[in-house]
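K.L.:
sequence unknown, structure follows:
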């Protein structure tokens, strides 16, 4: 079974619905497995199934076969949305990053006989293995260099040194999330328990970094600029039934320049960095495909609840360092700013950190 809520219900109600459904289905011969996938700073319209021009065939397939939610509720920032996702409570109700006043999905499901594991970004206090996850690989920080990592990487509670290569190719965090997700799925299969896998990708959160071949695939795709692409995305959203045609496209804010007002050199720089963002989303989609392929190969896909969410909208923070380093150089540190974030959240106003 596939289910595709792109963070489109209130976290509290969404978590209660999931757990209530599991309690009902637990009476069946075999409770459903659960794969919960979170993207980081993904805009409302960045996926193909939400109107975007980025190639996301695996997530588009999930949307086509399952449910595509159209309403959006989260807390507008990374760590607080994660608290709410894991506990079903508002961030401060749960004790914020400490989770001191909340019980996590992993703790509840473990008590119901599930094998629990997590891969990816934590961004809360302590470690996932302190909150009901039997297995964990990933980083505890809010962001990381995608090629070289940082000193917060952990494997099952112990420090983990980022290698130059992993499984025969250069280390890249998005690839590694899928690698360890597949490994944990194999390990959980040995327990013969239903499994809960929480895959919290750091992509496409800044820094904008991706393999060279992935970036070059998108060369030229953003040369038309954000004004034109917002109109195109909005048109796709209406055509697919995601939004009603009575919804006018929100106007470009005064602090975002018109694309045509930029000098050619600035247009090229802006298009270049959006190409990297697109490459990161593409790599995320391929990693999701790998995870689900592993579940399918093990004969479990038809009994697996798959959920895909984003922690907040597209990110407007301009924090680029080393603008003239290539984005596949591990020393690079690109971001994009409010202009592309405004595209990411088509047809809505503004972006991450805002609460309307």
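P.N.:
Arrived safely. The structure presented is a predicted model; accordingly, all values stated were derived computationally and were not measured.
K.L.:
What segments of the stretch 151-300 of the chain are strands?
P.N.:
153-155, 158-159, 165-166, 169-170, 195-200 (DSSP state E, counting those that start in this stretch).
K.L.:
Now do residue 269 against residue 247, distance only.
P.N.:
Distance, residue 269 to residue 247, by CB to CB, to the nearest Å: 32 Å. C-beta coordinates here come from the backbone N, C-alpha and C atoms, glycine included.
K.L.:
Those two: which has the busier surroundings?
P.N.:
residue 269 (16 against 13; other CB atoms under 10 Å).
K.L.:
Kindly state the pLDDT recorded for the more buried one?
P.N.:
You'll see residue 269 listed with a pLDDT of 97.
K.L.:
Could you measure from it over to residue 38?
P.N.:
Distance from residue 269 to residue 38, by CB to CB: 30 Å.
K.L.:
Double-check that residue 308 belongs to a strand.
P.N.:
Yes - secondary structure assignment places residue 308 in a strand (DSSP: H, G, I helix; E, B strand; the rest coil).
K.L.:
wait, what's in contact with the residue nearest to residue 289 when sequence neighbours are not counted?
P.N.:
Counting by CB to CB, 6 or more residues apart in numbering, residue 289 lies nearest to residue 58, which is 3.7 Å off, once chain neighbours are set aside. Contacts for residue 58 were tallied using CB atoms under 8 Å, 6 or more residues apart in numbering; they are 285-286, 288-289, 292.
K.L.:
which among those residues gets closest to residue 183?
P.N.:
Nearest to residue 183 among those, counting by CB to CB, is residue 292 at 15.2 Å.
K.L.:
I figured the closest one hits residue 300, correct?
P.N.:
No - judged on CB atoms under 8 Å, residue 292 makes no contact with residue 300 at a distance of 10.0 Å.
K.L.:
and those two? which has more neighbours close in?
P.N.:
residue 292 (22 against 18).
K.L.:
Against residue 62, how distant is that one?
P.N.:
8 Å.
K.L.:
Identify the contacts common to the two.
P.N.:
With CB under 8 Å, 6+ apart, residue 292 and residue 62 have common neighbours residue 306.
K.L.:
And the helices in the stretch 151-300 of the chain, which stretches?
P.N.:
With DSSP state H, counting those that start in this stretch, the ranges of helices along the stretch 151-300 of the chain come out as 173-189, 212-216, 226-240, 264-297.
K.L.:
so which of the ones you listed gets nearest residue 136?
P.N.:
helix 173-189 (8.7 Å).
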